[in-house]
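Peer 1: output the structure for:
(one chain, ligands or ions: 1)
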Amino acid sequence: MPFEHILFSIDADGVALLSLNRPEQLNSFNTAMHLEVREALRQVRQSEHARVLLLTAEGRGFCAGQDLSDRSVAPGAEMPDLGESIDAFYNPLVRSLRDLPLPVICAVNGVAAGAGANLPLACDLVLAARSASFIQAFCKIGLVPDSGGTWQLPRLIGMARAKALAMLGTRLSAEQAQQWGLIHQVVDDAALRDEALALARQLATQPTYGLALIKRALNQSFDNGFDQQLELERDLQRLAGRSEDYREGVGAFMDKRTPVFKGR
Ligand code: T3D
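Peer 2: Residues are numbered from 1 along each chain as shown. You can find the predicted model right below:
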């Protein structure tokens, strides 16, 4: 399937790069872009080579959420069922990013608004350009934060800050987002793509099967009690302990050589 609204590749190092590419509309989502992102994520899941996904975007913005030019309603016309759109597109997208059995890096290159502000929160390691910002823009047009925002925000930054962002729609700078624990790292604008790619390449040499199990454990921890989480750690450690990468890691340690991991 040729892509028109995204750039997508999987390189020889195992880095899958997915870049949203509707810069004139600040990479807001229309149905065509949703379908292309879905297809790219399917290819990443099925690839034997992909070890890490890097999600980013072209132009001055990261993503402005839903393309609102698809949402104008003429007076008297039937209102759209946005729940259908959430079911069909946004929920599958965030589930797919969060459940991807690979580390997912998000490089936020500019303003991230609406669903575009919450997509990075479904990723594992979020880097942002110093000039980037996060806006829970939904309240400005009478909507509710979606794409997992109402679940992620209170857990990551606490209820008081979550309510302020969601109900005031204020712009949160990348630096403030980092200080609040919403994202991992702020990077100078000109260095963002290179730093994100370097991190992706470095992670691609690591035991990525184990990293995928780590993200599963951490993602489930919010919903588990302590005992449940201990049991989950046991189950995941059982899987990790049967991996080729574990055998290689221990072997390389004992032989005092650099391990060569395969992600399985
Ligand atoms: O509907 C469903 O399916 C339910 C799901 C909803 C999920 C959602 O994401 S709802 C929230 C939708 N997003 C927004 O409300 C954000 C709208 N955009 C903005 O508030 C601002 O554009 C930004 C704060 C993001 C950036 O502001 P600024 O001043 O840097 O840029 P700008 O001039 O507003 O935008 C630049 C261009 O991008 C402009 O087009 P033009 O005038 O140059 O031709 C603008 O219209 C376009 N653009 C920006 N955001 C959107 C958009 N076009 C369509 N849809 C957008 N969301």
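Peer 1: can you get me a residue count around the residue nearest to Glu39 when sequence neighbours are not counted?
Peer 2: Excluding the flanking residues, the one nearest Glu39 by CB to CB, 6 or more residues apart in numbering is Met1, at 5.3 Å. All C-beta atoms are positioned from the backbone trio N, CA, C, and that covers glycine. Neighbourhood size, Met1 [other CB atoms under 10 Å]: 10.
Peer 1: now the residue of the stretch 151-264 of the chain found nearest the ligand. Its backbone dihedrals?
Peer 2: Relative to the ligand, the nearest point of the stretch 151-264 of the chain is Arg171 (7.3 Å; CB to the nearest ligand atom). Arg171 has phi and psi values of phi -80, psi 120 when expressed as degrees, to the nearest 10.
Peer 1: check the one 5 residues further on too.
Peer 2: The main-chain torsion angles of Gln176 are listed as degrees, to the nearest 10 and equal phi -70, psi -40.
Peer 1: Thr205 too?
Peer 2: Torsion angles, degrees, to the nearest 10, at Thr205: phi -90, psi 0.
Peer 1: neighbours around it, how many?
Peer 2: 16.
Peer 1: just how off-centre is whichever strand or helix holds Arg38 within its chain?
Peer 2: Counting by DSSP states H and E, the element that carries Arg38 is helix 31-46. Distance of helix 31-46 from the chain centroid (CA atoms, centre = their mean, to the nearest Å) equals 14 Å.
Peer 1: count the neighbours of the residue of the stretch 151-264 of the chain closest to the ligand for me.
Peer 2: By other CB under 10 Å, the residues close to Arg171 number 15.
Peer 1: hang on, isn't it packed against Ser131?
Peer 2: No: in this structure Arg171 lies outside contact range of Ser131 using CB atoms under 8 Å: 11.5 Å.
Peer 1: with that, I have no additional questions.
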